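In: Just a sequence and a predicted model for now, questions to come.
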Amino acid sequence: MKTKRTITIISIITALAIMAAFGIFRQTTPVKAQDQAPPVGERFSFGMVGLTDRQTMRVNVSNIIAASDSNWPPGPTRVAIIVVNSRGQLVRNRSGEVIRRVVQLERGDSTFLDVDFDELPPGPIRGQLRAVVSVIPPPVGDNNALQDGVCIPSVEIINNSTGKTLFMNPAVIRGFNPQPDPPMPE
């Protein structure tokens, strides 16, 4: 019994010594700090829409800065459009490629991304999709500050046979509360 206890104590001390040796000789990875925070723009999220046979979901984005507006910094606005399914996973076409679009929108320009139900992999009769649009406008001056409200996105469902828009859905900025303030007591 005494021998078993001695062996256990020696094993524990040896294990602690090995862990201490690895801890002492292990080098830490140097870290480099950024001098400025990376730009974080607006992110627009849409509600879920249903898409069926012979329909296309079109995500539109328009840069609303006028070409002659001197209140805004020069340069394009970066726009990324993605589409996710009801589980939040990126939607892919029949070839397995992620359906997305990343563009640099100049002032006054617009872009769109079409998702045709017939180009999606075989699946349910009705696809549940949600568009997400990220907008990063050019920074203002050297302080890397960004201006909000430079782009307006929307989602529409189009009937492929007639080309008519069945409905259109404007975006909601994350954190925006469209409810009015309650009335003040008198």
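Out: Yep, it's here. Numbers count the residues shown, from 1 in each chain.

In: Please identify the helix or strand for T6.
Out: For T6, the enclosing helix or strand under DSSP states H and E is helix 2-25.

In: could you point out which element follows that helix?
Out: With elements assigned by DSSP H and E, the helix or strand that comes after helix 2-25 is strand 42-45.

In: Confirm Q128 sits in a strand?
Out: Yes - according to DSSP: H, G, I helix; E, B strand; the rest coil, the state of Q128 is that of a strand.

In: Give the burial count for it, as a bare number.
Out: Q128 sits with 13 neighbouring residues when counted by other CB atoms under 10 Å. Every residue, glycine included, has its C-beta placed from N, CA and C.

In: Now do the same contact list for it.
Out: Contact analysis of Q128 by CB atoms under 8 Å, 6 or more residues apart in numbering lists M48, V49, G50, L51, N85, S86.

In: mind listing what R54 touches?
Out: Counted by CB under 8 Å, 6+ apart, R54 has contacts F117, D118, N159, N160, S161.

In: Out of the contacts of Q128, which end up buried?
Out: Neighbour-count burial within the contacts of Q128 applies to V49, L51, N85; the criterion is 16 or more other CB atoms under 10 Å.

In: between those residues, which is closest to V150?
Out: Here the nearest of the buried ones among the contacts of Q128 to V150, counting by CB to CB, is V49; it sits at 24.7 Å.

In: And the pLDDT at the closest one?
Out: Looking at V49, its pLDDT reads 91.

In: Same question for the one 3 residues further on.
Out: What the model reports for T52 is a pLDDT of 93.

In: Quick check, it in contact with G123.
Out: No - applying CB atoms under 8 Å as the test, T52 and G123 come out as separate, 11.4 Å apart.

In: okay, now P138: neighbour count?
Out: For P138, the neighbour count with other CB under 10 Å is 17.

In: thought it was touching N63?
Out: No - counting by CB under 8 Å, P138 sits too far from N63 to count as a contact (10.8 Å).

In: Quick check: neighbours shared by the two?
Out: Common contact partners of P138 and N63 (CB under 8 Å, 6+ apart): P76, T77.

In: What residues of stretch 51-70 count as buried?
Out: In terms of neighbour count (16+ other CB under 10 Å), stretch 51-70 has its buried residues at L51, Q55, T56, M57, R58, V59, N60, V61, S62, N63, I65.

In: The closest residue to I157 other than its chain neighbours sits in which helix or strand?
Out: The shortest distance from I157 to any residue other than its chain neighbours is 4.6 Å, reached at L166 (CB to CB, 6 or more residues apart in numbering). Using DSSP H and E, L166 falls within strand 165-170.

In: Please tell me how far the residue nearest to I157 sits from R58.
Out: Distance of L166 to R58, given as CB to CB, to the nearest Å: 11 Å.
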